[in-house]
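[1] sharing a model that was predicted from the sequence below.
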Amino acid sequence: MNGVQVRDTRPADRAAVEAVTLAAYAEYATPMRELWSVYRANIVATLADVEPAEQIVAEQDGAVIGAALLYPAGHVVTTPDGAQIALRWPEIRLLAVAPGARGRGVGAALVKECLRRARLADAPTVTLHTTDLMRAALRLYERLGFVRAPELDFQPAPGMTIKGYRFREILGGGGTCST
């Protein structure tokens with residue numbers, strides 16, 4: 001990860017973050033078929049107003065090559081099926097790495113930064129959601145210590161399960177995590 005800096009997003013990063021995120025998720029357009037347009041619109045809407053999330057970017061040579069959102073516990077999210085749920089723990093969303101920057105540890109660095117921030121906030125754990133389509137992301141999350149949390153699953157459409165994961169190494173409020 002030579003020359004990669006992980007930092008808070010700046011206002012001038014907005015267009016780059018959207019471009020990197022859409023490029024990272026574009027590979028799911030074909031397998032998602034008719035759901036892709038809804039998912040893409042949700043990505044764009046989420047990135048247009050990230051409050052109250054912390055938006056974190058990975059930058060190399062002045063270019064944004066990755067991004068992630070870390071939502072605080074208590075934030076109310078609306079699932080694609082319209083249900084509203086309050087996050088019990090901080091949640092990582094829209095982790096994205098530019099296709100040309102993959103395989104260099106950028107995604108891991110972004111996740112570790114989210115875990116570091118959650119630990120500083122005394123969060124007992126961190127959650128995230130993903131699908132079986134996102135194989136590389138699943139391998140990353142599991143390698144970093146996330147475990148399945150089926151109680152967090154939801155189904156935005158028939159036959160599509162969004163799977164919940166929880167980080168296993170943050171222990172009781174104020175514990176530690178290994179990153």
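    Structure received.
[2] partner strands of the lowest-mean-pLDDT helix or strand in the chain and their direction?
    Lowest by mean pLDDT, DSSP states H and E among the helices and strands of the chain is strand 154-157, with a mean of 78. Using DSSP bridges, the strands paired with strand 154-157 are strand 160-167 (antiparallel).
[3] and for the partner strand, what's in contact with it?
    35, 79-80, 89, 115, 118, 125-132, 141, 144-156, 177 (Cβ atoms under 8 Å, 6 or more residues apart in numbering). In short, each C-beta sits where N, CA and C put it, glycine included.
[4] return that strand as CSV; C-alpha atoms alone will do.
    What follows is strand 160-167, C-alpha atoms only, in CSV (Å, rounded to 0.1, in the frame of the first residue of the first chain):
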residue,chain,number,x,y,z
MET,A,160,-32.3,-12.0,-2.7
THR,A,161,-30.9,-12.1,0.9
ILE,A,162,-28.8,-9.3,2.2
LYS,A,163,-26.6,-11.0,4.8
GLY,A,164,-25.6,-9.4,8.1
TYR,A,165,-22.1,-9.7,9.5
ARG,A,166,-20.7,-8.7,12.8
PHE,A,167,-17.0,-8.1,13.8
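[5] host element of residue 21?
    Residue 21 belongs to helix 14-25 when elements are defined using DSSP states H and E.
[6] and that helix, what other elements does it pack with?
    helix 35-48, strand 54-60, strand 63-71, strand 91-97 (3 or more Cβ pairs under 8 Å, 6 or more residues apart in numbering; DSSP states H and E).
[7] quick one: the longest one to strand 54-60, angle?
    What that stands for is helix 35-48. Relative orientation of helix 35-48 versus strand 54-60 (axes from the mean of the first three to the mean of the last three Cα atoms, to 10 degrees): 100 degrees.
[8] any idea of the mean pLDDT for helix 35-48?
    Helix 35-48 comes out with an average pLDDT of 89.
[9] contacts only, for the residue nearest the centre of the chain.
    In the chain, the residue lying closest to the centroid (Cα atoms, centre = their mean) is residue 93, at 2.8 Å. Shown in contact with residue 93 (Cβ under 8 Å, 6+ apart): 46, 53, 68, 69, 70, 71, 128, 129.
[10] show me what the fifth one is bridged to.
    Pointing back at residue 70 there. Applying DSSP bridges, one finds that residue 70 bridges with residue 54, residue 92.
[11] where does pLDDT dip in this structure?
    Applying pLDDT under 70 to the chain flags residues 1, 79-81, 169-179.
[12] still on that earlier bit, got the CA positions of the least confident helix or strand of the chain in PDB?
    The C-alpha trace of strand 154-157 is given here as PDB (Å, rounded to 0.1, in the frame of the first residue of the first chain):
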ATOM      1  CA  PHE A 154     -33.200  -8.900   5.300                       C
ATOM      2  CA  GLN A 155     -34.700  -9.600   1.900                       C
ATOM      3  CA  PRO A 156     -35.300  -6.600  -0.400                       C
ATOM      4  CA  ALA A 157     -36.700  -8.700  -3.100                       C
END
